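>>> Any chance you can model this:
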Amino acid sequence: MITPFLEFLQFEKRASAHTIKSYQTDLEQFQKYLLFQYECNEPETAKAPMLRSWVVSMMEEGLNPSSINRKIAALRTFYGYLRKKKHIDSDPTKILSALKTRKKLPAFVEEKSMELLFEEGVFSEDFSGLRDRVIMELLYGSGIRLSELVELELKDLNLPARTIRVFGKRAKERIVPVSTSLAQLLHKYTEQRAPEEDTDVLLLTDSNKAIYPVFVQRKVKQYLSAVTTLSQKSPHVLRHTYATHLLNRGADLNAIKELLGHANLAATQIYTHNSIEKLKKTHQQAHPKA
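Predicted structure coming up:
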């Protein structure tokens, strides 16, 4: 029943390819565990103790609690689907509880470091350098996700209006504003971009093929390594940086939520913790009785 479930996610829930792949990986791991431990090859026939046993085995292996929670969430969605389709009578995931995890503040790059990144001489003067700058400025200047960046097409640009159209999770569309300088940079890039008959994707590799996630991750790590000592140097760090800098400069939390494409405010509120920590630091440094 795993394949029909994945098709349900793709065609009915319109989940992203990354989400579907994660569910597939988790469920296939669970299926292998059932076969090895219980000689059971059909997850829909698994009983609640079998699910608990899998969770315990992952804990004993020392798997990160957040990773285990993700797998528990995958099981809940899968068995919820089976129940909805009347393939099972009861949900065996009801006995499972999420593990406690330490909440980490989102890592972000300081404003001065981002200013250094976009100084003259950092990016080469050829097309590759121009494309790399567009990648970095789009991630930092619009806060879009890696998957959203990779899927951007030429038709998603509205440079006169200084906006880009983005398709987020579950193919939800949103319009994101960009600065005048970024709009000008995008205009310059599109003029130099080689016309390709087989793709309308905005960003291309040096061989004029559509960019892909690992390509972007390598570029981000390369350029961030020049301006920050953060251990995390990923596209998502630039998304965190975008949100944190907006909040630090007085942007409304609800507006940031819409810009990021979050489904609810709770997901956005994590950025307030960074601002509170900054305020505490300022208080300790400046107040006579701190």
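>>> At which residues are the helices of the stretch 101-250 of the chain located?
Using DSSP state H, counting those that start in this stretch, the helices of the stretch 101-250 of the chain run over 111-117, 127-142, 146-150, 180-192, 213-224, 235-248.
>>> and the most centrally placed residue in the chain, what is it in contact with?
Central residue of the chain (CA atoms, centre = their mean): Arg145, 5.1 Å from the mean position. The contact partners of Arg145, taken as CB atoms under 8 Å, 6 or more residues apart in numbering, are 168, 235-236, 239, 261. In this view, the C-beta of every residue, glycine as well, is placed from N, C-alpha and C.
>>> how close does it get to Thr229?
24 Å (CB to CB, to the nearest Å).
>>> so how many other residues sit close to Lys257?
By other CB atoms under 10 Å, the residues close to Lys257 number 19.
>>> what's the distance between it and Thr229?
Lys257 is 30 Å from Thr229, by CB to CB.
>>> check contacts around Phe108.
Residues near Phe108 by CB under 8 Å, 6+ apart: 237, 240-241, 243-245, 274.
>>> So for it, what's the pLDDT?
For Phe108, the pLDDT comes out at 92.
>>> Poorly predicted segments of this structure, please.
Counting by pLDDT under 70, the ranges of the chain that qualify are 196-198, 273-290.
>>> Can you pull the domain assignment for it?
Residue ranges of the domains in the chain are recorded as 2-95, 111-285, according to automatic domain parsing.
>>> Can you say which of those domains is nearest to Lys103?
When those are compared by CB to CB, domain 111-285 sits nearest Lys103, at 7.8 Å.
>>> what about that closest one, distance to the chain center?
12 Å (CA atoms, centre = their mean, to the nearest Å).
>>> Kindly report the same for stretch 34-48.
For stretch 34-48, the distance to the chain centre is 32 Å (CA atoms, centre = their mean).
>>> And that stretch, what's buried?
Neighbour-count burial for stretch 34-48 flags 34, 40, 43, 46 (criterion: 16 or more other CB atoms under 10 Å).
>>> For the second one, list the residues it contacts.
In this structure, Cys40 makes contact with 34, 46, 50, judged by CB under 8 Å, 6+ apart.
>>> Give me the contact list for stretch 230-239.
With contacts defined as CB under 8 Å, 6+ apart, stretch 230-239 is touched by 106-109, 136, 139-140, 143-146, 149, 216-217, 220-221, 224-225, 260.
>>> repeat for stretch 174-186
130, 133-134, 137-138, 141-144, 157, 159, 162-166, 168, 258-259, 261.
>>> State the distance from the residue nearest to the centre of the chain to Lys86.
35 Å.
>>> hmm, back to that, which of the contacts of Arg145 sits closest to Phe8?
Gly168 (19.9 Å).
>>> quick one on the thing from earlier: dump the contacts of Arg145 to a markdown table, plus neighbour count.
Shown next, in a markdown table, are these (neighbours: other CB atoms under 10 Å):
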| residue | neighbour count |
| --- | --- |
| Gly168 | 19 |
| Pro235 | 25 |
| His236 | 15 |
| Arg239 | 22 |
| Gly261 | 19 |
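>>> which residues touch Lys221?
233-234.
>>> With Leu146 instead?
Taking CB under 8 Å, 6+ apart, we find Leu146 in contact with 139, 213, 216-217, 235-236.
>>> Could you rerun that using 10 Å?
18, 139, 213, 216-217, 220, 234-236, 238-239 (CB atoms under 10 Å, 6 or more residues apart in numbering).
>>> now do Phe78
Neighbour list for Phe78: 1-2, 5-6, 8-9, 23, 26-27, 30, 43-44, 93 [criterion: CB under 10 Å, 6+ apart].
>>> which one of the helices of the stretch 101-250 of the chain lies closest to Ala98?
helix 235-248 (21.9 Å).
>>> Just want the angle from the following helix or strand past that closest one to helix 127-142.
Next in sequence after helix 235-248, counting helices and strands by DSSP states H and E, comes helix 253-260. Here helix 253-260 runs at an angle of 150 degrees relative to helix 127-142 (axes from the mean of the first three to the mean of the last three CA atoms, to 10 degrees).
>>> Right, I'll call it a day here.
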